[in-house]
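Visitor: could you work out the structure for the sequence below:
(one chain, ligands or ions: 1)
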Amino acid sequence: MTGIIEVFTGDITRLRVDAVVNAANHSLLGGSGVDGAIYRAAGPELLVECESLGGCETGAAKVTGGYNLPARFIIHTVGPVWRGGGFDEDALLISCYHRSLVLARDRGLTSIAFPAISTGLYRFPADRAAAIAVETASAYRDGFKRIVLCCFSDASAALHRTVLEALEQRALRNPPQKPEPAVIERDENEIGRGR
Ligand code: ADP
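Guide: This next block holds a predicted model:
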């Protein structure tokens, strides 16, 4: 597990990965926060491509080119607005990570960076979102060389690191079982018959 999932503090628009994930809104036509930063850094051609996509549902993901970003692609996903936890917010946030990772994997991309989706304007509790980010990313680690959880503050990075370290400790305590060597059952009477 070690090394594939990394927690990084900084600006996602600077990362040279196959794909950066954008915490977009339904229109996919740009907004504030990380969405605004990605739009500014990618340049005006991004809007032209996004206008052809017909928006995006909460929990779903769509891909565009990366334009002026160092990343080759942008995966746009729409996180849930936190409304107290009784409106499928956890499942929808899991779906954002899951659908983005599947989209990237199906295109043969091996490095991807996520912002802390929904934890800004959409007010998802940061610790709960960090647990979802780490756990969901970890389920896909075998298909990737790098999954970067790009945090915009030290506090957010600390939350992600705590969950990641706990997960790694758990994996060390319970390593995947090696399959038992196959036992060839033989009839005792066969022994000595030169078979
Ligand atoms: P949402 O509407 O999904 O909550 P926001 O953009 O408001 O999206 O915030 C999501 C997270 O992205 C927040 O933790 C915010 O601090 C972070 N963020 C904002 N700008 C950047 C950036 N340039 N790079 C990485 N993360 C960013």
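Visitor: ok, and the closest non-adjacent residue to Met141?
Guide: One correction, residue 141 is Arg, not Met. Leaving out its chain neighbours, the residue that sits closest to Arg141 by C-beta to C-beta, 6 or more residues apart in numbering is Ile4, at 4.5 Å. All C-beta spots, glycine's among them, are computed from the backbone N, C-alpha and C.
Visitor: gap between the one you found and Tyr67?
Guide: From Ile4 across to Tyr67, the span is 27 Å (C-beta to C-beta, to the nearest Å).
Visitor: between those two, which is the more surrounded one?
Guide: Shown here are Ile4 and Tyr67; by other C-beta atoms under 10 Å, Tyr67 has more neighbours (20 against 17).
Visitor: for stretch 52-64, which positions count as buried?
Guide: Judged by neighbour count using 16 or more other C-beta atoms under 10 Å, the buried positions of stretch 52-64 are 55-56, 58-64.
Visitor: can you tell me if it touches the ligand.
Guide: No: between stretch 52-64 and the ligand, judged by C-beta under 6 Å from any ligand atom, nothing touches; the nearest distance is 10.4 Å.
Visitor: before we move on, the earlier item: would you format the buried residues of stretch 52-64 as TSV with distance to Leu15, secondary structure and pLDDT included?
Guide: Below are the buried residues of stretch 52-64 laid out as TSV (distance: C-beta to C-beta, whole Å; DSSP: H, G, I helix; E, B strand; the rest coil; pLDDT from 0 to 100):
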residue	distance to Leu15	secondary structure	pLDDT
Gly55	26	coil	98
Cys56	22	coil	98
Thr58	25	strand	98
Gly59	24	coil	98
Ala60	23	coil	98
Ala61	18	strand	98
Lys62	20	strand	98
Val63	16	strand	98
Thr64	16	strand	98
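Visitor: so what does the lengthiest helix in the chain touch, helix or strand wise?
Guide: The single longest helix within the chain, with elements called by DSSP state H, is helix 154-173. With contacts defined as 3 or more C-beta pairs under 8 Å, 6 or more residues apart in numbering; DSSP states H and E, helix 154-173 has these neighbours: strand 5-9, helix 126-139, strand 146-151.
Visitor: much appreciated, bye for now.
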